[in-house]
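J.: Got a sequence here, can you build the structure:
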Amino acid sequence: MKNIKISIILPNYNSDRYIGETIKSVLKQNYKLWELIIIDDNSKDNSIKIINNFVKKDKRVKLIKLKNNFGPAYARNQGLNAARGEYISFIDSDDIWKKNKLRFQLEFM
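T.: Residues are numbered from 1 along each chain as shown. Predicted structure coming up:
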């Protein structure tokens, strides 16, 4: 399989209850050439603290913090603007991926 970078767009708003498990499911992917762009939509909970722990540990995890709450569509568009991958994948802040999700989709395409 050709080395193709995938940009994963993850909007977040007050999801400290789930965001850690969501990020872990991306980190466990058996396809490793990706960037995870998390766009925080001005959360008021502990989301930023949790996300920053992952940003410090893995350079593929990036955080964009919005100064105001604009909603998930705006957040996704900000992620698209920052994306550097050849393909885009979206994940919500309360989703969990199986470890072969990216590889399976890439092979299918």
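
J.: Tell me the confidence at the residue lying closest to P11 once chain neighbours are set aside?
T.: Leaving aside its sequence neighbours, P11 sits nearest to A75 (Cβ to Cβ, 6 or more residues apart in numbering; 3.6 Å). Where C-beta positions appear, they are placed from N, C-alpha and C, glycine not excepted. pLDDT for A75: 97.

J.: ok, A75 touching N69?
T.: No. Between A75 and N69 there is no contact under Cβ atoms under 8 Å: 9.1 Å.

J.: Have a look at the two and say which one is more surrounded.
T.: A75 (25 against 14; other Cβ atoms under 10 Å).

J.: Now the more buried one: which helix or strand?
T.: helix 72-82 (DSSP states H and E).

J.: list the buried ones in the next helix or strand after that helix?
T.: Next helix or strand after helix 72-82 toward the C-terminus (DSSP H and E): strand 87-90. Residues of strand 87-90 classed as buried by neighbour count (16 or more other Cβ atoms under 10 Å): S89.

J.: which neighbours does strand 87-90 have in its sheet, and in what orientation?
T.: Strands that pair with strand 87-90, judged by DSSP bridges, come out as strand 6-12 (parallel).

J.: Am I right that K62 falls within a strand?
T.: Yes. K62: assigned to a strand according to DSSP: H, G, I helix; E, B strand; the rest coil.

J.: And the pLDDT for it?
T.: 98.

J.: Identify the residues contacting the worst-scoring helix or strand of the chain on mean pLDDT?
T.: Within the chain, no helix or strand scores below helix 101-108, which has a mean of 92 by mean pLDDT, DSSP states H and E. Helix 101-108 has contacts (Cβ atoms under 8 Å, 6 or more residues apart in numbering) with 1, 4, 6, 29-31, 34, 87, 89.
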